[in-house]
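Asker: next input, structure requested:
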Amino acid sequence: MDYRYTFCPNCATPLELIAQAEDGGSKERLRCPQCKWTHWNNPTPVLAAVIQYQDKILLARNAAWPGKFYALITGFMEAGETPQAGIAREIKEETNLDTSELDLIGVYDFQRMNQVIIAYHAVAHGTVQLSPELADWRLFAYDQVRCWPAGTGYALADWLRSRGFEPVFTEIPRRDPKME
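Answerer: Numbers count the residues shown, from 1 in each chain. Sure, this is the predicted structure:
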């Protein structure tokens, strides 16, 4: 449950978890007992790319992440853009690379973050220049890359299988609470 909303944006009344009949049965959501506003808390669409660059897979490390975990380029869709235009924009913004091909890999749930991931395979070219969001990037041979058991890791695994490679999974490094 998303508790970012505490007060109703319409009337400022404190929100409450209230069960109410909806299509498919009763559903408990944050609702305003005064004006009846409902926080639907629908998943956010996130775009991701398995970037094929110089006949390898480009993975990047987010500047905010501890450790040395590398992952796909991801980003949020903007209002008014298609998923294809959005992932091409994200690739350009985060790596400075241009895309010449975009193919849908699949759609994956990422419930821990309340997101739906729309993953693409992108053929990219140009010179890598990272945005401040990213700390580093690396190229991985198809048979050397490791997948992770989460939405974007499953997308990478599906893409590898489509190319005849059996994916190998690794665990996602967890944050050490003592380091925060």
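Asker: can you give me the buried ones in the longest strand along the chain?
Answerer: Counting by DSSP state E, the longest strand found in the chain is strand 98-110. Along strand 98-110, these residues count as buried under the neighbour rule (16 or more other CB atoms under 10 Å): T99, L102, I105, Y108, F110. C-beta here means a position set from N, CA and C on the backbone, and glycine is covered the same way.
Asker: tell me who's in contact with the first one.
Answerer: To tie it back to what came earlier, the one meant is T99. For T99, the contacting residues are I87, A88, I91, K92, A122, V123, A124, taking CB atoms under 8 Å, 6 or more residues apart in numbering as the criterion.
Asker: columns neighbour count and distance to P14 on top of those residues, output as JSON lines?
Answerer: Listed next are these as JSON lines, based on neighbours: other CB atoms under 10 Å; distance: CB to CB, whole Å:
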{"residue": "I87", "neighbour count": "27", "distance to P14": "39"}
{"residue": "A88", "neighbour count": "22", "distance to P14": "43"}
{"residue": "I91", "neighbour count": "25", "distance to P14": "42"}
{"residue": "K92", "neighbour count": "15", "distance to P14": "43"}
{"residue": "A122", "neighbour count": "27", "distance to P14": "45"}
{"residue": "V123", "neighbour count": "15", "distance to P14": "51"}
{"residue": "A124", "neighbour count": "23", "distance to P14": "48"}
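Asker: and which of those residues is nearest W37?
Answerer: In terms of CB to CB, no member of these lies closer to W37 than I87, at 33.1 Å.
Asker: so the closest one belongs to a helix, correct?
Answerer: Yes: counting by DSSP: H, G, I helix; E, B strand; the rest coil, I87 is located in a helix.
Asker: which residues touch the residue lying farthest from the centre of the chain?
Answerer: In terms of distance from the mean C-alpha position of the chain, Q34 ranks first, at 35.4 Å (CA atoms, centre = their mean). Contacts here follow CB under 8 Å, 6+ apart; on that basis Q34 touches C8, C11, T13.
Asker: if we use 6 Å, what do you get?
Answerer: Each residue near Q34 by CB atoms under 6 Å, 6 or more residues apart in numbering is listed here: C11, T13.
Asker: confidence score at it?
Answerer: With respect to pLDDT, Q34 scores 97.
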